[in-house]
Structures are given as C-alpha cells and as structure tokens.
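Undergrad: Fold the following for me, if possible:
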Amino acid sequence: MKYPQLKSTWLVAISAILLQACTSTSPVFESDPAISDLSGENLDLLFATEFPVDSKDEALAKAARAYRNGETDKAQFYLVQALKFDLTDADVLAQIGNLHVRQGDSRLAAKAFQFALQQDAQHAPSLEGMGLLYFKSGNDDEARTHLEQAVVSVPSLWRSYSALGVIADRQKNFELALSYYDAALDIQPLSDSILINRGYSKYLNKKYHEAALDFYTVAKRSDNAKAWWNLGLVYGKQGWYADALDCFLETADEADAYNETGVIAMTNGDTEDALRYLNEAIRLSPTYFAQAEENLAQLRTKN
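TA: Modelled structure (predicted):
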C-alpha cells in the first residue's frame, strides 16, 4: 500500500491506544532530565533485596520478565538499571517512557522521550511517544510534527497513523484522515479502534453507508459496545429507527435505547416517530419523564 503524503458529533470516537480522554495540559519538559528521576520513586529502596545485574542485557531480560508477570514497578527498576550501563541508549529510554505512559505518568514519560531525542533526534519510538503525549494533551500541531517525523523514519507505526487520522478529522481534512486510517489498517488490519475511527471519519464526511459497514464489522466481530452504539446513531441519522433501536438494545437497557432513538427522530424532524419512541421511553422508565415530557412539549409546539 502507498502511505499518505505528509503534509461535535453524536458519535463515540476512540483512538487506538490512544484516543481516550485527554487532559488540557501539555507534557512537562525539562532542559536536563536526570536519569535518577526517570523511575518516579525510590525503586532502588523498594527493590533493595534484588540481586545486582552484571550487564545491560541481563537487566533488560529481567525487565521483560517482570513486565510479562505484570510487575511494572520492577520492570521500571530494571530498565533504569539497564540505562545505567549506557546513558545514551535511546531504545531503553523509549521503553522507560512507554512504561510510564502505561502507568499514567505523562510527566516522566515526556522526560524519558525527551532525553532519548537528545541522543537521537530521529528516534522513531520516542518521536511517536512524544507525539502521542501531545495528542492526548490536545496540542495537535506538536503532535502532528512529531508523528509525521516518526512515520518517515519507521513507516510501520500504526498508532502514529491512527492519531494523525484523528488530527486530520479535527481539521475537517477527511480524505487525508482516511488515507492515514487505511495506512494504519494496512499494518494492523484487525484493530477495532482504527476501524471505529475510520467509521467516525466517514460519518463526518457523510459517507453513511461506508461508516455503517466499518461499525458493523467491529460490532459483529468483537461485540464492541461503542461500535454498536455508533452503528445505531448512523442508522438513526438515516431515519432507520427500528434498526437503530436494535443496535442500541445491544448495549443499553430498553428505556435508554427508546429515548435515544426518539431524540434522534426529533432531531431529524420526524415528529410521529419521535413521539412514539419517547412515549415508550417514559412508559419503560419514569427516569425519562421530565426530559421526555420537555421533548414532547417541543414537538407539540411544532405541530
């Protein structure tokens, strides 16, 4: 496949690794990050009873074993031990950064990636790591710069392509976004998150049939709740309310499903359908009485 040239909706979009809830602050950078601070806490004290390692390879092997066993703190401890044998090893620094990402510490992750890029400005895993941190913080310009550099260096970084697709969607450059998602799927063809993001992009570009196909594929393959919900929203947008309701019922209770279908019908201007679904939501659950009555009042006013 030829990779792309670099250069508020109802739908629930997810971004790979990625495209989850974002914070409003950018990663913290420091001009001279200290190696001793990359562990985030006094792991030397925590693991004082561990036998010392004699080489970087031994430290990396123990880090990998600890990570496989779910011992992330111990894995971090041994990665820092490995780094002490070669402070310029960008690969180890990137591993430290990625482990901090998994542990939810963006500040230390940024420090590790930054230090790696000081050793090798074109180090693709660190460029991707920094780009994804910027992406999560909402800084699309810096994210795009780092992610584009990452895929130029290593064209197999599917997470970078997926994030670049979301950024392109935010800028309403839907054709470019689709090219990025297609590149990501060429590398990771069974990724639910990429396919959902591509469906979201197609929905934004009013390609409803194609969007529904992407959501349907994920929903049937993985019984993914977001895919079922998005599929229902696409069907509802086209006025296929019975189909939309069936999709909502795959992931929500009856009252929620009828209420959502009624709201979509109301938004579409289909008054009779909206009345039918909203009244059923009220019958199924008094929880919706106040909101549904307000919606019904709006519909009666229009009539």
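Undergrad: Double-check Thr261 against Gly236; I have them as touching.
TA: Yes. Counting by Cβ atoms under 8 Å, Gly236 is a contact partner of Thr261 at 6.2 Å. The way it works is simple: take the backbone N, C-alpha and C, and place the C-beta from them, glycine included.
Undergrad: Overlap of the contact sets of those two?
TA: Counting by Cβ atoms under 8 Å, 6 or more residues apart in numbering, the residues touching both Thr261 and Gly236 are Ala244.
Undergrad: Neighbour count: these two, which is higher?
TA: Using other Cβ atoms under 10 Å, the more surrounded residue of Thr261 and Gly236 is Thr261, with 30 against 27.
Undergrad: Quick check: buried residues in the helix or strand hosting the more buried one?
TA: In this structure, Thr261 is located in helix 254-268 according to DSSP states H and E. Using 16 or more other Cβ atoms under 10 Å as the burial criterion, the residues of helix 254-268 that qualify are Ala255, Asp256, Ala257, Tyr258, Asn259, Glu260, Thr261, Gly262, Val263, Ile264, Ala265, Met266.
Undergrad: Just list the residues touching Ala61, thanks.
TA: Ala61 neighbours (Cβ under 8 Å, 6+ apart): none.
Undergrad: cool, Leu133 as well?
TA: Pro27, Val101, Ser106, Ala109, Ala110, Phe113.
Undergrad: surely Ala110 meets Met130?
TA: Yes. With contact defined as Cβ under 8 Å, Ala110 and Met130 form a contacting pair (6.9 Å).
Undergrad: Once you drop chain neighbours, what's closest to Tyr180?
TA: Gly165 (3.6 Å; Cβ to Cβ, 6 or more residues apart in numbering).
Undergrad: Okay, now the unreliable bits of the stretch 1-150 of the chain?
TA: Within the stretch 1-150 of the chain, the segments meeting pLDDT under 70 span 1-37, 39-46, 48-49, 51.
Undergrad: hmm, 90 instead?
TA: Residues of the stretch 1-150 of the chain meeting the criterion pLDDT under 90: 1-52, 77, 84.
Undergrad: Would you mind pulling the contact partners of stretch 74-92?
TA: Contacts of stretch 74-92 (Cβ under 8 Å, 6+ apart): 35, 38-40, 43-44, 46-47, 50, 53, 55-56, 59-60, 62-64, 66-67, 93, 95-96, 99-100, 103, 116-117, 119-120, 123, 125-126.
Undergrad: any chance you could map the helices in the stretch 51-200 of the chain?
TA: 56-68, 72-85, 90-102, 106-119, 124-137, 140-153, 158-170, 174-187, 192-204 (DSSP state H, counting those that start in this stretch).
Undergrad: Including distance to Ala242, could those helices go into TSV?
TA: Output for the helices of the stretch 51-200 of the chain, formatted as TSV (distance: least, Cβ to Cβ, whole Å):
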stretch	distance to Ala242
helix 56-68	48
helix 72-85	47
helix 90-102	42
helix 106-119	45
helix 124-137	38
helix 140-153	39
helix 158-170	30
helix 174-187	29
helix 192-204	20
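Undergrad: Quick one: closest of these to Asp223.
TA: Minimum separation from Asp223 across these (Cβ to Cβ) falls at helix 192-204, 10.3 Å.
Undergrad: Run through the neighbouring helices and strands of that closest one.
TA: Other helices and strands packing on helix 192-204, by 3 or more Cβ pairs under 8 Å, 6 or more residues apart in numbering; DSSP states H and E, are helix 158-170, helix 174-187, helix 208-222, helix 225-237.
Undergrad: of those, which approaches Glu272 most closely?
TA: helix 225-237 (15.0 Å).
Undergrad: For that closest one, what is the distance to the chain centroid?
TA: Relative to its parent chain, helix 225-237 has a centroid offset of 18 Å by Cα atoms, centre = their mean, to the nearest Å.
Undergrad: list the helices and strands the following helix or strand past it packs on?
TA: Next along the chain after helix 225-237, taking DSSP H and E as the criterion, comes helix 241-249. On a contact count with 3+ Cβ pairs under 8 Å, 6+ apart, helix 241-249 meets helix 225-237, helix 254-268, helix 271-284.
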